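> Fold the stuff below for me.
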Amino acid sequence: MPYRSAIRNFFFPKVCVFCGGVPVRSGRAKADSLCEDLSVCAVCLALLPFKLFTAHEIPCLSNAYESDPIPGFSVLVPFRYEGEIVSALRALKFNDAPYIARTLGYFMATSAYASGRSFDAVIPVPLSTSRLRRRGYNQAALLATEISGRLELPCLECFLIRTRSTRQQSRFVDPGLRAANVRGAFAVPEEASVEGLRILLVDDVFTTGNTLHEAALALFRAGAADVTAVTTASGRDDDNEKGFMTSDLSGAKKHRFAR
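I've put the predicted structure just below:
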């Protein structure tokens, strides 16, 4: 009943996942509906570091240290890694804030949809068993679940596994060491099949691209027809695009995803 929702919102108002305040309304019906659905206030939405819409797709490896076996593999990225996006991703990964995945997953889904590509399934990059035990959840899996729901695709979380534990990529500065750290670290289980599937591979942050590259390579070797990755943000040094996406995010094409 509408009045029950109004009473609930009065006593327990939704708060913005970025600033923690009660969402400020913009006065535009579509934009306010989107903000309410995503638990984001209009002020924070306007200040998020969106990448230019034409710059959402980035080659996975910009400075390959060796011949790239999948040179056409690219990553879809809606945000630059700065500002509130950094805080949100850190909270999602380290501060037990899984609810943030719903908001970030929306923007990742819009980026995937707007790319015009067709996908058969969504697969998250897996965590190591020890890291999953400490954290309690895989942030990439939470994002993938949200994206799969928005795009109405199956989420095949168990179709990609880690074959060994790796150190955190952020511990390495040298690109070669980063690549070596994750080389051969992923595989598709024997009981799973990705033969002929067009996969949307999900992770939280994109930097050098080595983790995504190795995960995609495992999927291709298992018979995937195509793999495209999507992450929340890009923190790669050579990604110098500094514009903002100024188009109305509440437009019909993007609002299609809002539940």
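
> what comes up buried for the host helix or strand of residue 178?
Assigning secondary structure by DSSP states H and E places residue 178 in helix 175-182. Neighbour-count burial for helix 175-182 flags 175, 178-179, 181-182 (criterion: 16 or more other Cβ atoms under 10 Å). All C-beta atoms are positioned from the backbone trio N, CA, C, and that covers glycine.

> what's the model's confidence in that helix, averaged?
The average pLDDT within helix 175-182 is 72.

> ok, residues contacting the helix or strand just after that helix?
Using DSSP H and E, the helix or strand that follows helix 175-182 towards the C-terminus is strand 186-187. When contacts are defined by Cβ atoms under 8 Å, 6 or more residues apart in numbering, strand 186-187 is touched by residues 125-126, 160-163, 214-215, 217-218, 222.

> Partner strands of strand 186-187, with direction?
Sheet pairing of strand 186-187 (DSSP bridges) gives strand 161-162 (antiparallel).

> Out of the contacts of strand 186-187, who's the most crowded?
Of all the contacts of strand 186-187, residue 215 has the most neighbours under the rule other Cβ atoms under 10 Å, reaching 27 neighbours.

> The helix or strand containing that one packs against which elements?
Following DSSP H and E, one finds residue 215 within helix 210-221. For helix 210-221, the elements it packs on are helix 175-182, strand 186-187, strand 198-202, strand 226-230, judged by 3 or more Cβ pairs under 8 Å, 6 or more residues apart in numbering; DSSP states H and E.

> packing partners for the longest one?
In terms of contacts (3+ Cβ pairs under 8 Å, 6+ apart), helix 175-182 is packed against helix 210-221.

> can you give me the angle the helix it packs on makes with strand 198-202?
Counting by axes from the mean of the first three to the mean of the last three Cα atoms, to 10 degrees, helix 210-221 lies at 160 degrees to strand 198-202.

> ok so, going back, do you know which of the helices and strands packed on helix 210-221 lies nearest residue 70?
strand 226-230 (7.8 Å; Cβ to Cβ).

> ok, and what's touching the closest one?
Residues outside strand 226-230 that contact it (Cβ under 8 Å, 6+ apart) are 60, 70, 73-77, 108, 111-112, 115, 117, 119, 147, 198-203, 206, 212, 216, 219-220.

> just to revisit the earlier point, make CSV from the helices and strands packed on helix 210-221 and add distance to residue 49 to it.
Formatted as CSV, the helices and strands packed on helix 210-221 follow (distance: least, Cβ to Cβ, whole Å):
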stretch, distance to residue 49
helix 175-182, 24
strand 186-187, 29
strand 198-202, 20
strand 226-230, 17
